[in-house]
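Student: got a sequence here, can you model it:
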Amino acid sequence: MNVHEIVLDDGGMNLLSSSMLRSIRARLPEEATMLVLRSGRPHIFAAGADMAEMRRFGARDAEEFARLGQELFDAIERLPMLTVAIVDGDCFGGALDLVLAFDLRFATPRSRFAHPGARLGIVTGFGGTSRWRKAIDRAAARHLFLGNEVLTADEAAAIGLVDHVAESFDDELSRLAEIDGAIVRYIKELSRHADALSQSQLMLLAERLGALRIPKERQ
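Tutor: Here you go, the predicted structure:
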């Protein structure tokens, strides 16, 4: 069992600055049973993009910053292992975009979720306005992205944004870490390609990933 953990801790609000995004990207594992992202700050997950840094951006800087976040979150989605984001405290703006790139999202009861971009007069460049489709429905997304609602952990769980609410996740993480990595890899690849591949292509994909062994008479 090889669980790789990334802990966010900038000594403050865990702002998603350019340096923070690069640091997370550099710490993504090449091989692991599971990736866990959590905060090292008490009751703060992350406060979103670093607005002070963004105010200094020119057009090219803004484009590079958006691309940096998009490439990081895409890389997280493409990881072959199970990925889990553990939120304890506020998860706002770009931080919400970040956790939407993870397979599972766990939250403590004191956690809160919001995407205040509309109120601030900005649109996220990190892909949150498209990635939400994998987690919540359109009505919930309108309240979150356009209505600027702040959701409690239970409210986030009720709309599918959060998978599990608890004070501790040690037992759940131990259970998840025991899942066969080949099966996880297959399921993740299948979810990416299920709409585009034929049944025979999906079976071939499964065999190549090593998750299924297809008898000769069925081929």
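Student: the domain parsing of this structure - what is it?
Tutor: Under the assignment automatic domain parsing, the domains of the chain span 3-174, 180-218.
Student: ok, residues contacting the strand or helix carrying Asp74?
Tutor: Take DSSP states H and E as the rule and Asp74 turns out to sit in helix 59-78. With contact meaning Cβ atoms under 8 Å, 6 or more residues apart in numbering, helix 59-78 is reached by 16, 18, 21-22, 24-25, 28, 35, 49, 53-54, 57, 83, 94, 97-98, 100-102, 125-127, 131. C-betas here are computed from N, CA, C, even on glycine.
Student: which ones among these are found in helices?
Tutor: Ser18, Leu21, Arg22, Ile24, Arg25, Glu53, Met54, Gly94, Asp97, Leu98, Arg131 (DSSP state H).
Student: out of those residues, give me the two with the largest separation.
Tutor: Pairwise distances across the ones in helices among the contacts of helix 59-78 (Cβ to Cβ) peak at 22.4 Å, for the pair Glu53 and Arg131.
Student: neighbour count winner among the two?
Tutor: Using other Cβ atoms under 10 Å as the criterion, Glu53 and Arg131 rank with Arg131 on top: 20 against 16.
Student: let me know the pLDDT of the more buried one.
Tutor: Listed pLDDT for Arg131 reads 67.
Student: so, low pLDDT: which residues of this structure?
Tutor: 1, 117-125, 127-131, 133, 193-199, 201-219 (pLDDT under 70).
Student: which parts of it are strands?
Tutor: Here the chain has its strands, by DSSP state E, at 3-8, 15-16, 34-39, 44-46, 48-49, 82-87, 90-92, 104-107, 112-114, 151-152, 164-165.
Student: take these and lay them out in a markdown table including distance to Ile136 and mean neighbour count.
Tutor: A markdown table is the format used below for the strands of the chain (distance: least, Cβ to Cβ, whole Å; neighbours: other Cβ atoms under 10 Å):
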| stretch | distance to Ile136 | mean neighbour count |
| --- | --- | --- |
| strand 3-8 | 23 | 16 |
| strand 15-16 | 21 | 24 |
| strand 34-39 | 20 | 22 |
| strand 44-46 | 18 | 25 |
| strand 48-49 | 18 | 26 |
| strand 82-87 | 15 | 25 |
| strand 90-92 | 14 | 25 |
| strand 104-107 | 11 | 25 |
| strand 112-114 | 11 | 21 |
| strand 151-152 | 10 | 20 |
| strand 164-165 | 16 | 16 |
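Student: using CSV, lay out the ones you listed together with distance to Phe65.
Tutor: Shown next, in CSV, are the strands of the chain (distance: least, Cβ to Cβ, whole Å):
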stretch, distance to Phe65
strand 3-8, 18
strand 15-16, 10
strand 34-39, 20
strand 44-46, 16
strand 48-49, 8
strand 82-87, 21
strand 90-92, 17
strand 104-107, 24
strand 112-114, 21
strand 151-152, 26
strand 164-165, 32
